[in-house]
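[1] sequence and predicted structure, then a few things I'm wondering about:
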Protein chains: 2
Amino acid sequence: MSSEPVPPRRATHTVDSLLDAAVAVFNDRGYDGTSMEDLARAAGITKSSIYHHVKGKEALLGMALDTALAGLFAVLDEPASNEGPARDRLEHILRRSVEVLDAELPAVTLLLRVRGNTPTELEALERRREFDRRVTDVVAQAIAEGDLRTDLDPALVTRLVFGTVNSLVEWYRPGRGESASDVADALVTLAFDGLFR
Amino acid sequence: MSSEPVPPRRATHTVDSLLDAAVAVFNDRGYDGTSMEDLARAAGITKSSIYHHVKGKEALLGMALDTALAGLFAVLDEPASNEGPARDRLEHILRRSVEVLDAELPAVTLLLRVRGNTPTELEALERRREFDRRVTDVVAQAIAEGDLRTDLDPALVTRLVFGTVNSLVEWYRPGRGESASDVADALVTLAFDGLFR
DNA sequence: GTCTATAAATTGATAGAC
DNA sequence: GTCTATCAATTTATAGAC
């Protein structure tokens, strides 16, 4: 048997496990409201240990934003986002966006709260705008194909509908209350059919 | 004629004018991302001059959050929010909420981004929840009165619809693009009738 | 009502031992 | 991979002159 006493265990981390811990704190306190000391405490290690894994706080933010953006852009590259009636493509993009939000909630939440104070944030904001443009194109096509009401502006519709999707991060929690597909159903029903019965 | 040379003008402030400048910076850089030095620069005075007007940064935040919350709760106290069919009351609350958002955009934006790091923020979050509860009651009544589809949960509907309203702060700018009433029309149409024609 | 000067605490980051 | 020790810069806040 081992005669060594168990050393006073400190947490040990990989870049990924550290990132998970960091993103959770970022979302709890806000990115700017989080100090390296906050991150160290949450990770169970010291500040200097964090620098062994990453360059600094902004690098952690950048990795999380990349995860979120990659998930969202992957949706736009799926066949169902590019084939068939634009109305169906829009519904697909909506449902899959909710799924990405569900699967990558911490990263997506962070993405949606970015203010643009640093180069990392500015780049993320630009990629978000690109996502919006591509969705707006689909909405415009759906209107052109005669499947959506014509009295609404495509850009405005996109902003309102994705405003609804994005607002999910304020209250939706995986495994608590409604499932992601319940939420997606309600959202799609509301968007296409409205509240009237 | 005056023989006095024009003195090197520093900006002079009242609490209100300082608050306006501060809220603008808070929204640009985020509350936590804003230092007293940032506020001083934006106001055209020094840090220490700010302390002549207010206790500190958090006091400025508190005043702005009060403005936003007062505007929203005032809507709930209006006669049209309390008389007639719940469906009409809901539409009134929706339209007036957009108007409050338009009239007090900087303060409302700040309110919607609060994270809960300080007592001031926690109190604001609690008052927001109270607002949500009161709106949810109206939605539930509208469903009970048979004016809205019954296959959606009132709390979920409230979250989705007010998620849409709240998302306006991310892009709506008074005097640029659509007017507030254009936006309110589109939002109400979308919420009640959906995208289908 | 604003300023300069300064204090006290916090923050992001690095060096180097184990 | 984590630690202690340390630093330079920033940040909130106060004292007191004009």
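    Good, I have the coordinates.
[2] close to DNA strand D: what parts of chain A are there?
    For chain A, the residues in contact with DNA strand D (Cβ under 7 Å from any atom of the strand) are A:10, A:11, A:12, A:13, A:14, A:45, A:46, A:47, A:48, A:49, A:52, A:53. The C-beta positions use only the backbone N, C-alpha and C, and glycine is treated the same way.
[3] quick one: is the helix or strand harbouring residue A:133 near DNA strand C?
    In this assignment (DSSP states H and E), residue A:133 forms part of helix A:119-144. No. Shown here: helix A:119-144 not in contact with DNA strand C (Cβ under 7 Å from any atom of the strand), separated by at least 11.6 Å.
[4] hang on, the earlier thing: quick check: ChimeraX command selecting the buried ones in the residues of chain A next to DNA strand D.
    Selecting only the buried entries of those in ChimeraX, with 16 or more other Cβ atoms under 10 Å in any protein chain shown as the criterion:
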select /A:13,45,49,53
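[5] tell me the domain ranges of chain A?
    Using automatic domain parsing, the domain parsing of chain A gives A:9-54, A:57-193.
[6] do you know which of the ones you listed lies nearest chain B?
    For those, distance to chain B was read as Cβ to the nearest Cβ. The smallest value, 2.6 Å, belongs to domain A:57-193.
[7] so where's chain A uncertain?
    A:1-10, A:197 (pLDDT under 70).
[8] list the buried ones in stretch A:21-29?
    Buried residues in stretch A:21-29 (16+ other Cβ under 10 Å): A:21, A:22, A:23, A:25, A:26, A:27, A:29.
[9] and stretch A:65-76, by the same measure?
    For stretch A:65-76, by 16+ other Cβ under 10 Å, it's A:65, A:66, A:67, A:68, A:69, A:71, A:72, A:75, A:76.
[10] as CSV, these with secondary structure would be great.
    Below are the buried residues of stretch A:65-76 laid out as CSV (DSSP: H, G, I helix; E, B strand; the rest coil):
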residue, secondary structure
A:65, helix
A:66, helix
A:67, helix
A:68, helix
A:69, helix
A:71, helix
A:72, helix
A:75, helix
A:76, helix
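[11] can you put the domains of chain A in a markdown table and add distance to residue B:85?
    Formatted as a markdown table, these follow (distance: least, Cβ to Cβ, whole Å):
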| stretch | distance to residue B:85 |
| --- | --- |
| domain A:9-54 | 40 |
| domain A:57-193 | 20 |
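[12] residue A:113 versus residue A:27, what's the distance?
    8 Å (Cβ to Cβ, to the nearest Å).
[13] how about residue A:42?
    Taken as Cβ to Cβ, the span from residue A:42 to residue A:113 is 18 Å.
[14] for the residue of chain A found nearest DNA strand C, phi and psi?
    Using Cβ to the nearest atom of the strand, the single residue of chain A nearest to DNA strand C is residue A:56, 2.7 Å away. Main-chain torsions, residue A:56, degrees, to the nearest 10: phi 170, psi -170.
[15] now do residue A:84
    Dihedral angles (degrees, to the nearest 10) for residue A:84: phi 90, psi -170.
[16] what do you get for residue A:104?
    phi -120, psi 40.
[17] for it, give me its contacts.
    A:67, A:68, A:71 (Cβ atoms under 8 Å, 6 or more residues apart in numbering or on different chains).
[18] returning to what we had before: let's see which of the residues of chain A next to DNA strand D end up in helices.
    Those of the residues of chain A next to DNA strand D mapping onto helices are A:47, A:48, A:49, A:52, A:53, per DSSP state H.
[19] closest to residue A:95 among those?
    Here the nearest of those to residue A:95, counting by Cβ to Cβ, is residue A:53; it sits at 35.7 Å.
[20] okay if I get the buried residues of stretch A:65-76 as TSV plus distance to DNA strand C?
    Formatted as TSV, the buried residues of stretch A:65-76 follow (distance: Cβ to the nearest atom of the strand, whole Å):
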residue	distance to DNA strand C
A:65	16
A:66	18
A:67	20
A:68	21
A:69	22
A:71	26
A:72	27
A:75	33
A:76	33
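[21] can you put those residues in TSV and add distance to residue A:146?
    Compiled in TSV, these are given as follows (distance: Cβ to Cβ, whole Å):
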residue	distance to residue A:146
A:65	38
A:66	38
A:67	38
A:68	34
A:69	33
A:71	32
A:72	28
A:75	25
A:76	23
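[22] how about the residues of chain A by DNA strand C?
    Residues of chain A lying near DNA strand C (Cβ under 7 Å from any atom of the strand): A:34, A:35, A:36, A:37, A:47, A:48, A:51, A:55, A:56, A:57, A:58.
[23] show me how to select, in PyMOL, the buried members of those.
    For the buried members of the residues of chain A next to DNA strand C, the matching PyMOL selection, counting by 16+ other Cβ under 10 Å, is:
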select buried, chain A and resi 34+36+57
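[24] on that earlier part again, show the contacting residues for the nearest residue in space to the residue of chain A closest to DNA strand C that is not next to it in sequence.
    Among residues not flanking residue A:56 along the chain, residue A:36 sits closest, at 7.7 Å (Cβ to Cβ, 6 or more residues apart in numbering or on different chains). The contact partners of residue A:36, by Cβ under 8 Å, 6+ apart, come to A:47, A:50, A:56, A:57.
[25] 10 Å - rerun?
    Counting by Cβ atoms under 10 Å, 6 or more residues apart in numbering or on different chains, residue A:36 touches A:22, A:46, A:47, A:48, A:50, A:51, A:56, A:57, A:60.
[26] quick one: the helices in chain A, in order.
    Using DSSP H, helices in chain A cover A:15-29, A:36-43, A:47-53, A:57-77, A:86-103, A:105-113, A:119-144, A:154-167, A:180-193.
[27] how about these in a markdown table, adding distance to residue B:82?
    Below are the helices of chain A laid out as a markdown table (distance: least, Cβ to Cβ, whole Å):
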| stretch | distance to residue B:82 |
| --- | --- |
| helix A:15-29 | 37 |
| helix A:36-43 | 45 |
| helix A:47-53 | 54 |
| helix A:57-77 | 41 |
| helix A:86-103 | 35 |
| helix A:105-113 | 34 |
| helix A:119-144 | 37 |
| helix A:154-167 | 26 |
| helix A:180-193 | 25 |
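[28] sweet, I'm off.
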